[in-house]
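Asks: requesting a structural model of the entry that follows:
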Amino acid sequence: MRVLAVSDEEVPGLALASSELVPDLILGAGDLSGGYLEALVDRYGVPCVFVPGNHDPDHRGYRRTRGGYLRGGLPCEPPGPRGGVNADGRVVTVGGLTVAGLGGSIRYRGGANQWTQAQQTRRAWRVRAAARWRRRTVDVLLTHSPAEGVGDGKDAPHRGFASLGRLVRTLRPQVFVHGHVHPFGHPGQERTIDGVPVLNTVGYAYFDITPGSTGRDRGIRIRERRRGA
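Replies: Have a look, this model is predicted:
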């Protein structure tokens, strides 16, 4: 499976017909407008799985019914890409790829999608429990923020979550995909957590992955990476 993972920075030309990428799935790691993600979905004609970033609207409280979405009992459209699958706090399987998701950043001021270390620890525990209940091998851990001490920033808004490192060690995904920390044009250092590749996807990353792989067959092959403008 070819995966296009995006976050934080819009890349000029990525949604144009001239793009030569041929993804089977789009992963959104947060802080991108629903319109941009929808443009990518329309361009490539593939599903999108996403988690919200700290600059995204509040995605909580929406309930899907046969007639559409409700919030507080009233019809409404949730934020995010039209038809996209919100994986925040969930384990979802789309196109055969199983994704565990946790959106948001460390709480550094009031606002949606910001969590304390303790809050994100509880959310991570629920994701771990969901993965065990589903009895599925998690292929991708998709988050907005990085793990503490693994590619995070020194300033308060960009500190990582300690619980994410523990979640990687428990779930053993093929890859841990995040955004949030802008490398400002630099390629960034390749990192791992107990052998699991850590991929900062600010801008975009395009990679191959085999859903459900185990043992030596697990892992990804990066085809292309690019930062935004």
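
Asks: for the rest of this, base every contact and every neighbour count on C-alpha atoms.
Replies: Noted.

Asks: and V51, what does it touch?
Replies: When contacts are counted by Cα atoms under 8 Å, 6 or more residues apart in numbering, V51 touches 28-30, 86-88, 101-104, 142-144.

Asks: go again using 10 Å as the cut-off
Replies: When contacts are counted by Cα atoms under 10 Å, 6 or more residues apart in numbering, V51 touches 7, 27-31, 59, 80, 84-90, 100-104, 113, 142-144, 178.

Asks: distance check, the residue lying closest to S33 once chain neighbours are set aside against H180.
Replies: Once flanking residues are discounted, S33 sits nearest to G80: 6.9 Å by Cα to Cα, 6 or more residues apart in numbering. Shown here: G80 relative to H180, a distance of 17 Å by Cα to Cα, to the nearest Å.

Asks: which one's more surrounded, these two?
Replies: H180 (29 against 25; other Cα atoms under 10 Å).

Asks: OK, contacts around that one?
Replies: So H180 contacts 7-9, 29-31, 53-55, 104-105, 143-146, 152-153, 157-160, 200-202 (Cα under 10 Å, 6+ apart).

Asks: kindly recompute the last result at 6 Å.
Replies: By Cα atoms under 6 Å, 6 or more residues apart in numbering, H180 lies in contact with H144, S145.

Asks: give me the distance between it and R64.
Replies: Applying Cα to Cα to H180 and R64 gives a distance of 28 Å.

Asks: give me the beta-bridge partners of N200?
Replies: Beta-bridge pairing for N200 (DSSP bridges): H178.

Asks: correct me, but it touches V181?
Replies: No: N200 lies out of contact with V181 (Cα atoms under 6 Å); the separation is 7.6 Å.

Asks: what ranges do the helices span in this structure?
Replies: For the chain, applying DSSP state H gives helices covering 34-44, 117-134, 162-171.

Asks: want to throw the ones you listed into a markdown table with mean pLDDT and mean neighbour count?
Replies: A markdown table is the format used below for those (pLDDT from 0 to 100; neighbours: other Cα atoms under 10 Å):
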| stretch | mean pLDDT | mean neighbour count |
| --- | --- | --- |
| helix 34-44 | 95 | 18 |
| helix 117-134 | 94 | 16 |
| helix 162-171 | 97 | 18 |
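
Asks: that older thread, my read: the residue nearest to S33 touches Y36, true?
Replies: No: judged on Cα under 6 Å, G80 makes no contact with Y36 at a distance of 9.5 Å.

Asks: tabulate the helices of the chain (JSON lines), appending distance to R109.
Replies: Converted to JSON lines, the helices of the chain look like this (distance: least, Cα to Cα, whole Å):
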{"stretch": "helix 34-44", "distance to R109": "23"}
{"stretch": "helix 117-134", "distance to R109": "14"}
{"stretch": "helix 162-171", "distance to R109": "19"}
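
Asks: how about those, which one is nearest G95?
Replies: Checking these against G95 by Cα to Cα gives helix 34-44 as the closest, at 14.1 Å.

Asks: and the contacts of that closest one?
Replies: Identification of contacts with helix 34-44 by Cα under 6 Å, 6+ apart yields A15, G80, P81.

Asks: quick one: pLDDT of the last one?
Replies: It stands for P81. pLDDT for P81: 84.

Asks: ok, N200 and V181, which is more surrounded?
Replies: N200 (31 against 21).

Asks: gap between that one and G13?
Replies: Taking Cα to Cα, one finds N200 at 20 Å from G13.

Asks: kindly report the same for V92.
Replies: For V92, the distance to G13 equals 29 Å [Cα to Cα].

Asks: of the two, who's got more company?
Replies: V92 (22 against 9).
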